[in-house]
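Peer 1: What would the 3D arrangement of this be:
(3 chains)
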Amino acid sequence: MATVLETHGLTKSFGGVLAVDDVSVAIAPGEIVGIVGANGAGKTTFVNLVTGYLKPDRGRIIYLGRDITAHPPREVTGLGVARSFQIPQIYASLTVLENVLIALAAREGQSLRAWAPLSTRVREAEGLILLEPFGLTEHAARPVSELPQGGLKLLDIALASALMPRLLLLDEPTSGVSSAEKFGVMDTLVSILQARGVTVIFVEHDMDVVTNYAGRVLAFSEGKILADGAPGVVLADPAVRKAVLGWA
Amino acid sequence: MGDPENMRGGKALPLVAAAVFGAAPLVLPGWVTFLLTLAVAKSVMVLAIALLLRGGLVSFGHGMFFAAGAYTVGMAMKWGGMREAVVLTFLGVLAAAAAAALLGLLIARYRGIFFAMLNMAISMVVYAVLLKLYWVTGGTDGIGIRTPTILGVIPERESLRLVMYYFTLVMTLPAFYAVHRFWTSPLGFALRAVRDNEVRVEYMGTSVARVIYAAYVLSGALGGLAGILTGFSVGHIVPDLAYWTTSGEFVFVAVLGGPASIPGPLVGSIAFEFLKSYAYKYAAFTWQMTLGVTMLAIILFMPGGLWTIYEGLARQGRQWRLSWKRTG
Amino acid sequence: MTVAVVILLDGVLYAAVLFLVAAGLTLVYGVMRILNIAHGSLYALGAYAGTSLVLVYLKTGGPAPLMYLALLAGAVVAGAIAGPLVERLLLRPIYGREEVVQLLVTYSLFLILEDVMKLLWGVDPYYVAKPYAFLGTVTIAGVRYAWYQLLLIAVALATGVLVSLAIRGTRLGRMIVAVTADREISATLGINVGRVYTLAFTAGAILAGLGGALVAPLISVAPGMSVEAIVLAFAVVVIGGLGSLEGAALGALIVGITRAAAVQLFPEIELATVYLIMVAVLLFRPRGLFGEWETRRI
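Peer 2: Reported below is the predicted structural model:
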């Protein structure tokens, strides 16, 4: 495949407000792409469209050569796409490890098995290994409700990562995570993902994270892609600095 | 995933319970055994409601599965001349499961109030049908259930009560075990996950609708089993089994016992059966109010139901044991 | 021909009562996102209260026409008392909680109200036919119809128009619309959301009670009224769309006329037809005729 993800003329408006405006972009396999933009620039809407949570008004989404426009999240996930959310979407009444085990069972296609236990030696071991890069292994048996906000974020990403996707979309992965942990987690996570050849698209407000980990940056502004290129170039662009960072 | 103390308690409990239930009728008066039989039979339905509750759903119409099981057996006996209890039980459970499989296709797409009221509305249609097709169902008179044969043997009159008690026990044990396996299985966890976060479930590639459908069919089968066993013990079935009040009582017992466990429905059902026999005698006018106030109190102050009391005591007990060990 | 007229008149009569009850239900849902299972009990409460007040009034021997005021007063007072009480004590603690909890709480409320009414009024049916008989009958297209029934329809119509105007035209109405659309933004705009909730719920209770009181002279008021009312009102609201007043009106007409037709033509399946319509609507147009589909269904 030449590209992992392509969008052609992707457009979505909400009651007259154009959130995503004729966005066309192509992402190659293995790329680590950062998406920046001011609030309301269309970043999360873009992620929602690509993963099937929203239906575009116009345009197409191609994943690994397949048209997945308007396919629901369940199908898109089944094809190898996973995402994490701005507000962590986890299972609050269960323990950290149970959250991950459910994801593992889902990946194996075993979600609907009603007799064999969820928690097998093999799965538990894999789950604990999965939690390591996120520093959550020691919290494995704790209920999710006891995790701090940053821990919830990390768990959310762990759940997405557990699905072993080919394309991973992360919505503000480091927001809410303490500065001390941020870079450690991103270091480990990105190296694991790169080793697996996963294509990563992440939305970020922290420019340091973007500069350090993204090989390419898409700057969104008012629903359009304002600039597309290497982080050094894009983030130095005066138009981008004005629109995204608010600097004159 | 649990501490060793927990595990030990967890393994001992079913054995203790089995011993207690096994020996009970030998020491208790006949009418207590009878109430116990009914309580155990109905607890399977409470289990079904509790199952759905843990998935974030409440059905006010599960009486229809209770009735489906009971009436399949009743009509098979009356019109089909069948008499063997074990065969009839399987037949009835199959019928109830089939009904749930059919209705689930429509109902499993809904949640919240729609789910609750759709179940209620359809159960009222079932009630109306049972009432109106009197030439088949016996109408308001219902159907009398003769003493069945147990594995070909007709029970003696004197030992009938005991026989029905043990028969009920034997038939409900697989149900309890199946539900236990269910809760520790991926599907059981998926059901809880659905309650917590449907979006995440779909983003894992799992179909929420399928999870709910599976849970619904299981709950229907359990409800049917409860209806069959109750029918055998009471000896008589009526359309009221499908009426919303019947369903509502099961919901109450599920909340009372505590939906967060398997013993909860059993405890709740027993407590309820005995309370009911006293309350009807002394406070008929305030029976529903008592249910309502109790349910509110539990929801607002003790959401885990009666079982929370046991869990609290058990935890206390473990702490005491630990402190004895430390002081040597 | 006569049968058609009967079905039409009876149907519109059913619809009038159903509309009042369903309007209350849908108003409360639209504002508070709670579907109150005990709403049928508020209907029954209005019936009991209105009937009692009329009976008390008739004993005083005052001028007969004022008994209609007594009927209405009973409904309004019952709703005005029960509404704020229920909303503040029972619903306030559970606003943020998940739907299952809200359903169980309103179900508990239903159980409690049923027995409260039994304690206050006993289990024997109440009959107060005077308001119905007093106005006499009229013949429409060969069918005998009571003036009271026409009055009922007129009152229901007027109430519907009044509520609709109030929501559009008054400040309170606009606040209700705002809170319905977006609770958080309304709060930041300075709207006292709690007060709006209480008022909306009380209005809903009064509407339900009004339906009960108006229909009381036509039936026997007895325990068990609530269940049929809530199931039918729910069917109306499903058909018409949750949160929509026009939907409640149209849904009420559909259910009312269908029920009247079934009673005349297929009496065995009378109630089942209403449920079947509800099932059909849920299958083909789940959000109802005028409803907005809010629940995210992935």
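Peer 1: Which strands and helices lie in contact with the lengthiest helix in chain B?
Peer 2: Ranked by number of residues, the top helix in chain B under DSSP state H is helix B:208-234. Counting by 3 or more CB pairs under 8 Å, 6 or more residues apart in numbering or on different chains; DSSP states H and E, the packing neighbours recorded for helix B:208-234 are helix B:30-54, helix B:63-78, helix B:85-107, helix B:160-184, helix B:186-196, helix B:198-202. Placement of C-beta: from N, CA and C, glycine included.
Peer 1: Now do the second one: distance to the chain's middle.
Peer 2: Averaging C-alpha coordinates over helix B:63-78 and over its chain gives two centres that are 16 Å apart (CA atoms, centre = their mean, to the nearest Å).
Peer 1: Name the residues of chain A found near chain B, please.
Peer 2: Contact residues (CB under 8 Å from any CB of the partner chain) of chain A with chain B: A:51, A:53, A:72-74, A:77-78, A:82-83, A:89-95, A:97-98, A:101-103, A:105-107, A:110-119, A:124, A:141, A:159-160, A:163.
Peer 1: show me the contacts for the spatially most central residue of chain B.
Peer 2: Centrality entry for chain B: nearest residue to the mean C-alpha point is residue B:45, 1.9 Å, by CA atoms, centre = their mean. Going by CB atoms under 8 Å, 6 or more residues apart in numbering or on different chains, residue B:45 touches B:62, B:65-66, B:222-223, B:226-227, B:250.
Peer 1: Tell me the confidence at it?
Peer 2: Residue B:45 carries a pLDDT value of 97.
Peer 1: swap in residue A:140?
Peer 2: Looking at residue A:140, the pLDDT reads 93.
Peer 1: that older thread, what residues sit buried inside the longest helix of chain B?
Peer 2: By 16 or more other CB atoms under 10 Å in any protein chain shown, the buried positions in helix B:208-234 come out as B:208-209, B:211-234.
Peer 1: isn't residue B:176 right next to residue B:48, touching?
Peer 2: No. Between residue B:176 and residue B:48 no contact is recorded; they are 11.8 Å apart, counting by CB atoms under 8 Å.
Peer 1: So which of those two has more stuff around it?
Peer 2: A direct count of neighbours by other CB atoms under 10 Å in any protein chain shown for residue B:176 and residue B:48 places residue B:48 higher, at 32 against 20.
Peer 1: Surely that one touches residue B:216?
Peer 2: No. If you go by CB under 8 Å, residue B:48 and residue B:216 don't touch, sitting 9.5 Å apart.
Peer 1: Which residues are in contact with the closest residue to chain A within the stretch 1-150 of chain C?
Peer 2: Of all residues in the stretch 1-150 of chain C, residue C:98 sits closest to chain A, at 11.0 Å by CB to the nearest CB. Residues in contact with residue C:98 (CB under 8 Å, 6+ apart) are B:56, B:195.
Peer 1: Quick check: which element contains residue B:292?
Peer 2: Remark: residue B:292 resides in helix B:287-301, with elements defined by DSSP states H and E.
Peer 1: ok, that helix near chain C or not?
Peer 2: Yes. Using CB under 8 Å from any CB, helix B:287-301 comes into contact with chain C via B:287-293, B:295-296, B:299-300.
Peer 1: Repeat that for stretch A:103-117.
Peer 2: No. Applying CB under 8 Å from any CB, one finds stretch A:103-117 out of contact with chain C, separated by at least 14.6 Å.
Peer 1: Next one: the residue of the stretch 1-150 of chain C closest to chain A relative to residue A:84, how far apart?
Peer 2: Using CB to CB, to the nearest Å, residue C:98 is found at 24 Å from residue A:84.
Peer 1: and what of residue A:160?
Peer 2: 5 Å.
Peer 1: Mutual contacts of the two, please.
Peer 2: Counting by CB under 8 Å, 6+ apart, the contacts common to residue A:160 and residue A:84 are residue A:170.
Peer 1: which parts of stretch C:86-102 are buried?
Peer 2: Residues of stretch C:86-102 classed as buried by neighbour count (16+ other CB under 10 Å): C:86-87, C:90-91, C:94, C:99-102.
Peer 1: If you average the pLDDT over that stretch, what comes out?
Peer 2: Looking at stretch C:86-102 alone, the average pLDDT works out to 86.
Peer 1: ends of it, how far apart?
Peer 2: Using CA to CA, to the nearest Å, the end-to-end distance of stretch C:86-102 comes out at 13 Å.
Peer 1: starting at the chain centroid, how far to it?
Peer 2: 21 Å.
Peer 1: Let me see the backbone angles for the residue of the stretch 1-150 of chain C closest to chain A.
Peer 2: phi -70, psi 170 (degrees, to the nearest 10).
Peer 1: Could you tell me which residues of chain A lie near chain C?
Peer 2: For chain A, the residues found near chain C under the criterion CB under 8 Å from any CB are A:53, A:72-74.
Peer 1: coming back round to it: mind checking how far the closest residue to the residue nearest to the centre of chain B other than its chain neighbours is from residue B:37?
Peer 2: Among residues not flanking residue B:45 along the chain, residue B:226 sits closest, at 3.6 Å (CB to CB, 6 or more residues apart in numbering or on different chains). Using CB to CB, we find residue B:226 at a distance of 12 Å from residue B:37.
Peer 1: ok, now residue C:12?
Peer 2: In terms of CB to CB, residue C:12 sits 53 Å off from residue B:37.
Peer 1: For the nearest residue to residue A:144 once chain neighbours are set aside, grab phi and psi.
Peer 2: Closest residue to residue A:144 apart from its sequence neighbours, by CB to CB, 6+ apart: residue A:92 at 5.3 Å. For residue A:92, the backbone dihedrals (degrees, to the nearest 10) come out as phi -70, psi -20.
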